[in-house]
Structure formats: C-alpha cells, structure tokens
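> sharing a model that was predicted from the sequence below.
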Amino acid sequence: MANQVVGQKNRNLTRRQEKFVKELVSNDGLITMREAAIRAGYPAASAHTRAYEMTNENHCPHVVSAIKRYRAELDEKYGVDYKRHIRDLQIIRDKALEEGAYSAAVQAEYRRGQAQGDIYVNKSEIRHGSIDQMSRDDVEKELERIRQSYEPTITIEAVEVEEQDAKGRSESGSGALEVIERRPKKNKKKNRNDKA
C-alpha cells in the first residue's frame, strides 16, 4: 500500500490539475479551493468535490505533492530572508537618494536599522484586563481620579422664602423660591516646585 502511494505521488498532473495547483497557490487566501477548481476548468456543479479530492492526500497524493512543491518554489522566489530584506532596503534607499526623495531614503534607512534589531528599538506596553479584575479599592480610586479630572459640578438647592407684601406683612408659602448655588472647593494640587 505504501509503495502504491509513493507511485501515485510521482504521477504526472493533468492539464486541469496543473492549472488548479497554480491557481490555488498563486492566489492563496484570495480565492477558495472551489474557485480555483472552476478557474482550472472543472464544472461549477462538481468544483467543490474536485477541489476536496485534489487537496486530499488519500485521493490525489500527486496533486498534494505538486501543491507543496509549488508553494516551496514561490516561497523561495518571493520569500523574505534577512539578507535579501536588508539588500532590498539599501537599493530602495539608494534609488530614493538619486531621485532626491530624501524622505523615502530616510524611511528606508530607518527600516534597515529596525531590521538590524539593535539600532531602533520599539517598546510598547499592552494592558489586558477589565474592571471585573480590579479590587473594590482600585475601582474606587480610579473613579475618584476620574471625578477630580473634570470640572466641579454645581449643586443647586431650592429653598422656600418668606416674602413681604406691600404693607410689610410676611407671606409664607407664596411659592417664591430662592436658588442657592454651591460650588465644591477645588483640591489644589501641589506643584513639584512648591515647597511644603
């Protein structure tokens, strides 16, 4: 059985199978296996089944083997390795300098430095978590910090006022209201330069 599979891996591809391999690999991630089969000339009604069979090692090991070979070939041709990357950035930098595109030249040189790994170091901090993971004290401290970062609010109270009529008599409950405005005191933060 193993010899039979090995023998099938070395079989030649049909014209459609070869086209399927090229469509699938060169458009990797852009089209589905079914679309690759249709582009290769398989009928739309059976394209899904044909694509499944051609990508299954048990059904068509020679096609699967060809897919792997073609992927490796493209990776070698277009793949990024360190030396090629550095060389290409240098070529881009040099051409940009020749054209007087100094911004592009600086950017290419900057990217070469980043690729080097020890010239430009990019540091960032990513925090994960939510309020559910905070203690009650931490939540209260954060809320207080947020409250203090906004302007103080105004508290308005309505107080019933006794009014006097034209003859000087007091009238209670006449419906007149006085508005008392109260602003909370601002917490003054000490500057670092201020001496305590």
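Alright, I've got the coordinates. Residues are numbered from 1 along each chain as shown.
> domain map for this structure?
Listed domain ranges for the chain are 2-78, 82-116 (source: automatic domain parsing).
> distance between the ends of the shortest one?
Distance between the two ends of domain 82-116: 9 Å, counting by CA to CA, to the nearest Å.
> and it, which residues are buried?
89, 92, 93, 96, 105, 108, 109, 111, 112 (16 or more other CB atoms under 10 Å). For glycine as for every other residue, the C-beta is placed from the backbone atoms N, C-alpha and C.
> could you point out which element follows the helix or strand bottoming out on mean pLDDT in the chain?
Here the helix or strand of the chain ranked lowest by mean pLDDT, DSSP states H and E is helix 2-9, holding a mean of 51. Following helix 2-9 in sequence order, the next helix or strand is helix 15-26 (DSSP states H and E).
> elements contacting that following helix?
Under the contact criterion of 3 or more CB pairs under 8 Å, 6 or more residues apart in numbering; DSSP states H and E, helix 15-26 touches helix 33-39, helix 47-54, helix 61-78.
> let me know the angle separating that helix from helix 47-54.
With axes from the mean of the first three to the mean of the last three CA atoms, to 10 degrees defining the directions, helix 15-26 sits at 90 degrees from helix 47-54.
> hmm, who's touching helix 15-26?
Under the contact criterion CB atoms under 8 Å, 6 or more residues apart in numbering, helix 15-26 has outside partners 13, 31, 33, 35-37, 39-42, 50-51, 54-55, 60, 63, 66-67, 70-71, 74.
> give me the buried subset of those.
Buried subset of the contacts of helix 15-26 (neighbour count, 16+ other CB under 10 Å): 13, 33, 35-37, 39-40, 42, 50-51, 54-55, 60, 63, 66-67, 70.
> pLDDT below threshold where in this protein?
Counting by pLDDT under 70, the chain contains low-confidence ranges at 1-9, 80, 117-129, 151-156, 159, 161-163, 165-166, 168-196.
> same thing but 50
1-6, 190-192, 194-196 (pLDDT under 50).
> okay if I get the helices and strands packed on helix 15-26 as JSON lines plus distance to residue 144?
Below are the helices and strands packed on helix 15-26 laid out as JSON lines (distance: least, CB to CB, whole Å):
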{"stretch": "helix 33-39", "distance to residue 144": "58"}
{"stretch": "helix 47-54", "distance to residue 144": "61"}
{"stretch": "helix 61-78", "distance to residue 144": "56"}
